[in-house]
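Asks: The following block contains a protein sequence and its predicted model.
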Amino acid sequence: MTEPVLEIRGLNVSLSGRRILRDVDLTCEKGELLGLLGPNGAGKTTMLRTMMGLVMPTAGSIKVQGMTGKKAADLIGYVPQRQDIAWEFPVTVAQLVMTGRGRRIGWLRSAKTEDWQAVFSALEQVQMRAYADRPIAELSGGQRQRILIARALVNSPALLVLDEPFTGLDMPTQELLSALFRQLTEGGTSLLMTTHDLTHAMVICDRVALLNRAIVAEGAPSALRDPQVWMDTFRVSAASPLLKQLGI
Ligand SMILES: Nc1ncnc2c1ncn2[C@@H]1O[C@H](COP(=O)(O)OP(=O)(O)OP(=O)(O)O)[C@@H](O)[C@H]1O
């Protein structure tokens, strides 16, 4: 079998002396769409931040295409939650997407033709090329999500990591994004996304992992039919609407 694109082994993370992630093992294969599901405070964002090298683990390893540390983080395209961006900032769509080239451009040189080509090609991928010169403040929620994805795609990452990409988007926009995700996985990019939209995740993901500080269960959506694992992860009772919503 080929090596997974993402391989997390025995990951432990503590923040301010509190243990947040416990012995997490997780893999993502090439071209796979993996959903990371869990309740508020489960440690999903902490896990993504650790993958990006923003948080240091107390134990364990994270490999991306066999690389560790900064080299691993450089292979990841990170799409933060939309609320984490200052959308009133006076920059255009193309300028925002260019900030994704930051690491490659460095502080000492300005953007070259190849950088702009990467920006326009990423905008093309998310069908936002026509908006390149618009101020980011004028965009709708769905358009904002797409340009954040374009910004993460400018370095052709092996793994795209998305924090809550569907939150606050209407159904047609969610469908458009889902089609984009499928197009990316078919092109060989691996995707890891967190979401609170469980039914949607169960429809579009190839595999899901249920996290509550530790991995409670993982597998193909069709294999996760045991109500107990959902009750344990989300700390709900057997009568919870969550189980009904999932059709379990
Ligand atoms: N800098 C920090 N110092 C201490 N504790 C923190 C810090 N950041 C997050 N935490 C705690 O870590 C836990 C996990 O938070 P995290 O944001 O990773 O969860 P999450 O699964 O992404 O939640 P949500 O679904 O609400 O976004 C929470 O209990 C949170 O309070």
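Replies: Yep, it's here.

Asks: Can you tell me the SS state at the residue nearest to Leu15 when sequence neighbours are not counted?
Replies: Spatial nearest neighbour of Leu15, excluding adjacent residues (CB to CB, 6 or more residues apart in numbering): Thr46 at 6.8 Å. Any C-beta I mention is one placed from the backbone N, CA and C, and that applies to glycine too. Assigned state for Thr46: helix (three-state reduction, DSSP: H, G, I helix; E, B strand; the rest coil).

Asks: do the same with the one 4 residues further on
Replies: Judged by three-state DSSP, the three-state class of Thr50 is helix.

Asks: And it, how far from the ligand?
Replies: Note on Thr50: its distance to the ligand, by CB to the nearest ligand atom, to the nearest Å, is 9 Å.

Asks: picking that back up, run a quick neighbour tally on the residue nearest to Leu15.
Replies: Thr46 has 20 neighbouring residues, counting by other CB atoms under 10 Å.

Asks: Look up how far Ala72 lies from it.
Replies: Separation of Thr46 from Ala72 (CB to CB, to the nearest Å): 17 Å.

Asks: Hmm, Leu169 is touching Ser140, no?
Replies: No. Using CB atoms under 8 Å, Leu169 makes no contact with Ser140, being 9.3 Å away.

Asks: so what's the residue nearest to Leu15 scoring on pLDDT?
Replies: Note on Thr46: pLDDT of 95.

Asks: next one: the one 5 residues further on
Replies: Looking at Met51, its pLDDT stands at 95.

Asks: so what's the residue lying closest to it once chain neighbours are set aside up against?
Replies: Nearest residue to Met51, sequence neighbours excluded (CB to CB, 6+ apart): Ile62, at 5.6 Å. Taking CB atoms under 8 Å, 6 or more residues apart in numbering, we find Ile62 in contact with 6-8, 11, 50-51, 68, 72.

Asks: Identify, from the residues you listed, the entry nearest to the ligand.
Replies: Thr50 (9.3 Å; CB to the nearest ligand atom).

Asks: Looks like the closest one contacts Ile20 (just checking).
Replies: No. Judged on CB under 8 Å, Thr50 makes no contact with Ile20 at a distance of 9.2 Å.

Asks: Can you check which residues contact both of these two?
Replies: Residues touching both Thr50 and Ile20 (CB under 8 Å, 6+ apart) are Val13.

Asks: Which one of those two is surrounded by more residues?
Replies: Set side by side, Thr50 and Ile20 show more neighbours around Thr50, with 23 against 19, by other CB under 10 Å.

Asks: And the pLDDT at the residue nearest to Met51?
Replies: Ile62 is given a pLDDT of 97.

Asks: Where does it sit, in terms of helix or strand?
Replies: Here Ile62 is covered by strand 59-64, with elements defined by DSSP states H and E.

Asks: tell me which residues in stretch 63-81 are buried?
Replies: Across stretch 63-81, burial judged by 16 or more other CB atoms under 10 Å covers 63-65, 72-81.

Asks: separation between Met98 and Thr113?
Replies: For Met98, the distance to Thr113 - CB to CB - is 12 Å.

Asks: between those two, who's got more neighbours?
Replies: More neighbours surround Met98 than the other of Met98 and Thr113, with 20 against 7 (other CB under 10 Å).

Asks: Okay, and which of the contacts of Ile62 map to strands?
Replies: Members of those lying in strands (criterion: DSSP state E): 6-8, 11.

Asks: Going by distance to Glu175, which of the residues you listed wins?
Replies: Nearest to Glu175 out of the ones in strands among the contacts of Ile62 is Leu6 (CB to CB; 26.1 Å).

Asks: Show me which residues of the chain sit near the ligand.
Replies: Residues of the chain found near the ligand, taking CB under 6 Å from any ligand atom as the criterion, are 15-16, 18, 20, 38, 40-46.
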